[in-house]
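In: After the sequence you'll find the predicted model.
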Amino acid sequence: MAPPSSGRATKCFHRFRWRPYRRSYPVSTNSAPVAWLTQESYNRLKSELEHLSGPGRTEIVARIEQARSEGDLKENGGYHAAKEEQGKAEARIRQLTHLLNNAHVGEAPADNGVVEPGMMVSARIAGDVENFLLGSREVAGDTDIDVYSEKSPLGAAIQGKKAGDTVTYAAPNGKQITVEIISATPYVG
């Protein structure tokens, strides 16, 4: 007999009988992280999703069918490459669908020099000057930009800070890292 799966209390098998078991932690029904997106980023990602879901999918299926018609599938490199591409496209479709369903679409942050998601930040980190976007990789779209999540230790430490502010945070390896904010401007991409 299998334990029931509904509700917070489940049963566990202990010493030849089923007993109630309560989790010691709360279960969230909506644990999806919310991503901040500008309207133009949202539109760009939406058009990418529409392309991948429509013509992109059709192109990949056509390549799979063409490679399948070439014969033996075990040694057909074109077939395996097309199937791998199909898997990557389907994963990207799922990622974009999840991102767009959980996105907060709003205006670009105000150009007041305060660090917040959606800002290009210039900071001196451990003596080196770095420029990065505080937000998510999907917002950037440009792979040449370094992106730090606002939920990362660095992102959490610098939010709300202004040019000239210095903050120290604990890195995941336990080191204390000092960051000096040089500037923060809204990302336009």
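Out: It's in. On a predicted model such as this, the values are computed, not experimentally measured, just so you know. Residues are numbered from 1 along each chain as shown.
In: Roughly how far does Arg44 sit from Gly87?
Out: The gap separating Arg44 from Gly87 is 23 Å, by C-beta to C-beta, to the nearest Å. Every C-beta, even on glycine, is put in place using the N, C-alpha and C of the backbone.
In: Just want to know which of those two has more residues nearby.
Out: Using other C-beta atoms under 10 Å, the more surrounded residue of Arg44 and Gly87 is Arg44, with 16 against 11.
In: quick one: that one is in a strand?
Out: No: with DSSP: H, G, I helix; E, B strand; the rest coil as the criterion, Arg44 is assigned helix and is not in a strand.
In: burial measure for Val179, as a count.
Out: 20.
In: Is it within a helix or a strand, and which one?
Out: In the assignment (DSSP states H and E), Val179 maps to strand 176-186.
In: next one: Arg92
Out: Using DSSP H and E, Arg92 falls in helix 77-101.
In: quick one: contacts of that helix?
Out: 32, 35, 42, 45-46, 48-49, 52-53, 56-57, 60-61, 63-64, 66-68, 70, 73, 136, 138 (C-beta atoms under 8 Å, 6 or more residues apart in numbering).
In: next one: that helix to chain centre, how far?
Out: In this view, helix 77-101 has its centroid 16 Å away from the chain centroid, taken as C-alpha atoms, centre = their mean, to the nearest Å.
In: For the protein, which segments count as strands?
Out: Secondary structure of the chain by DSSP state E: the strands cover 9-14, 17-22, 35-38, 103-106, 119-125, 128-134, 147-148, 166-170, 176-186.
In: Would you mind finding the most buried of the ones you listed?
Out: Highest mean neighbour count among the strands of the chain (mean count of other C-beta atoms under 10 Å): strand 35-38, with a mean of 22.
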